[in-house]
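A.B. asks: Kindly return the folded structure for what I paste below:
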Amino acid sequence: MNAATPSFLLRRLSPTQLIAVDGLLAAAAALICWYAATETPISPQPGWSEPGWASFLIGLAIGLPVAVRRLWPTAGAVAVLIAVVGAVATGAIPYYAGPAPIFPLGLVLYTVGLQIGRRRSVSIVVAAAVGVAAVFGATSHDLMGTALVTWVAGACWATGRVVRERRAHATSRAEQATTLAVEQERLRIARELHDIVAHSMSMIAVKATVADHVGDEHPEEMRKALRVIATTSRETLGEIRRALGVIRAEAAMRPMPTLADLTGLVEAARSTGLAVELDTRSETTAPAEELPDDVALSVYRVVQEALTNVVRHSSAAHCRIEIVTGIGLVEVQVVDDGVSHRRDETTVPRAAAGQGLIGMRERAAQFGGELDAGPRPDGGWAVAATMRYAQ
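C.D. replies: Numbers count the residues shown, from 1 in each chain. Okay, the predicted model is just below:
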């Protein structure tokens, strides 16, 4: 037997298979009730000794509705209840053989609780409980026995209701989990596209400004700036296509950025005239680049967004990027020497990049870390992020 084939007991049965199972249960119930109907009532219970064919028909009348309990639960429950009450009341099935008819009645009541709405379901089980209590109480005069068979019938219905509620709860939780996963994926894609577009457009805007200023007097510088714009535009389009390819569950057009790609990011920032220093080191014996892919991508995006803010929102001449990896964590710091960050000068402009800061905080929080961004006491701006990916 193939080990990959799930066990019959572990597979979810199809409707046809469930009806087949109900057919077997109906046959078992009919057989049990037929046997109970062949019992002779014990004095002083009144009863009549029916012929064998009548006992067989009684068994069929009680057992057969079980076969269609999933298709017509209300009709099946009513049919079984009427047959059980009639058989016990006439003494065709003695009260001491009560477990036999209670078995099929419990099966149909379980289905009623499982498939039918609360209001109609409650009315059916109340009618069943009253009928069972009345007929067994009148024939046996045994309060405890009557209470027991009535409780069994009600417990079968209650079990069906519990299963129904649990399934509804499981479905609701699955829908909530799906909604949450979609929302998280939407936020991830939004962060990814923001980081890609914001950085690249900042580089393009700076180079376009340079080309406009030096176009007349230094055409060579203008052409150099235009070449940078063309290269950045092509790379940005490639990253956008890769991101859209992930959304469409297609193969990525290029690998996700890692720490090794920070060099290209730094070179792009240097092309704007910003002096950028990159320091990547490890506090362990493992190489600094050996980070999980998702962590390395988040580090890259944090550095990318921080550099974008330096180029776009500050007049810094120098920027230092420091990445330190340890056991299960990585620390990122981006510091620039822009103008003094007094509340009335630069706090508001830097806050204008709000979506970028939110994205960086979300990337840090994704790995149980935090992000701190703000002015430095001696001037400039600092972004510090910690990611504890081992957690």
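A.B. asks: Model confidence for Asp279, exactly?
C.D. replies: pLDDT, Asp279: 90.
A.B. asks: And Ala170, by the same measure?
C.D. replies: Listed pLDDT for Ala170 reads 79.
A.B. asks: now Ser49
C.D. replies: 59.
A.B. asks: out of all of them, which helix in the chain is the longest?
C.D. replies: Using DSSP state H, we find that the single longest helix of the chain is helix 143-214.
A.B. asks: and the next helix-or-strand element following that one, what does it pack onto?
C.D. replies: Using DSSP states H and E, the helix or strand that directly follows helix 143-214 along the chain is helix 219-247. For helix 219-247, the elements it packs on are helix 143-214, judged by 3 or more Cβ pairs under 8 Å, 6 or more residues apart in numbering; DSSP states H and E. Where C-beta positions appear, they are placed from N, C-alpha and C, glycine not excepted.
A.B. asks: orientation of the helix it packs on relative to helix 219-247 in degrees?
C.D. replies: Angle of helix 143-214 versus helix 219-247, following axes from the mean of the first three to the mean of the last three Cα atoms, to 10 degrees, is 170 degrees.
A.B. asks: Now do helix 143-214: which elements does it pack against?
C.D. replies: helix 99-115, helix 118-140, helix 219-247, helix 262-270, helix 293-313, helix 354-366.
A.B. asks: Among those helices, which comes closest to Asp22?
C.D. replies: The closest of the helices and strands packed on helix 143-214 to Asp22 is helix 99-115. By Cβ to Cβ, the value is 8.3 Å.
A.B. asks: For that closest one, list every residue counted as buried.
C.D. replies: 100-114 (16 or more other Cβ atoms under 10 Å).
A.B. asks: and if you look at stretch 364-381?
C.D. replies: Going by 16+ other Cβ under 10 Å, stretch 364-381 has these buried residues: Ala364, Gln366, Phe367, Gly369, Leu371, Ala373, Pro375, Gly380, Trp381.
A.B. asks: try stretch 314-334
C.D. replies: Across stretch 314-334, burial judged by 16+ other Cβ under 10 Å covers 314, 316, 319-321, 323-325, 329-334.
A.B. asks: Of the residues you listed, which belong to strands?
C.D. replies: Cys319, Arg320, Ile321, Ile323, Val324, Thr325, Val330, Glu331, Val332, Gln333, Val334 (DSSP state E).
A.B. asks: now, among the residues you listed, which is nearest to Tyr35?
C.D. replies: Val330 (74.4 Å).
A.B. asks: Give the closest residue to that closest one in space, chain neighbours not counted.
C.D. replies: Excluding the flanking residues, the one nearest Val330 by Cβ to Cβ, 6 or more residues apart in numbering is Met387, at 5.2 Å.
A.B. asks: thinking again about what came up before, could I get the helices and strands packed on helix 143-214 as a markdown table with mean pLDDT and distance to Val68?
C.D. replies: What follows is the helices and strands packed on helix 143-214, written out as a markdown table (pLDDT from 0 to 100; distance: least, Cβ to Cβ, whole Å):
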| stretch | mean pLDDT | distance to Val68 |
| --- | --- | --- |
| helix 99-115 | 85 | 9 |
| helix 118-140 | 84 | 16 |
| helix 219-247 | 72 | 48 |
| helix 262-270 | 84 | 69 |
| helix 293-313 | 84 | 54 |
| helix 354-366 | 77 | 53 |
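A.B. asks: Kindly present those as a markdown table, with separate columns for distance to Asp212.
C.D. replies: Below are these laid out as a markdown table (distance: least, Cβ to Cβ, whole Å):
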| stretch | distance to Asp212 |
| --- | --- |
| helix 99-115 | 73 |
| helix 118-140 | 73 |
| helix 219-247 | 8 |
| helix 262-270 | 19 |
| helix 293-313 | 17 |
| helix 354-366 | 25 |
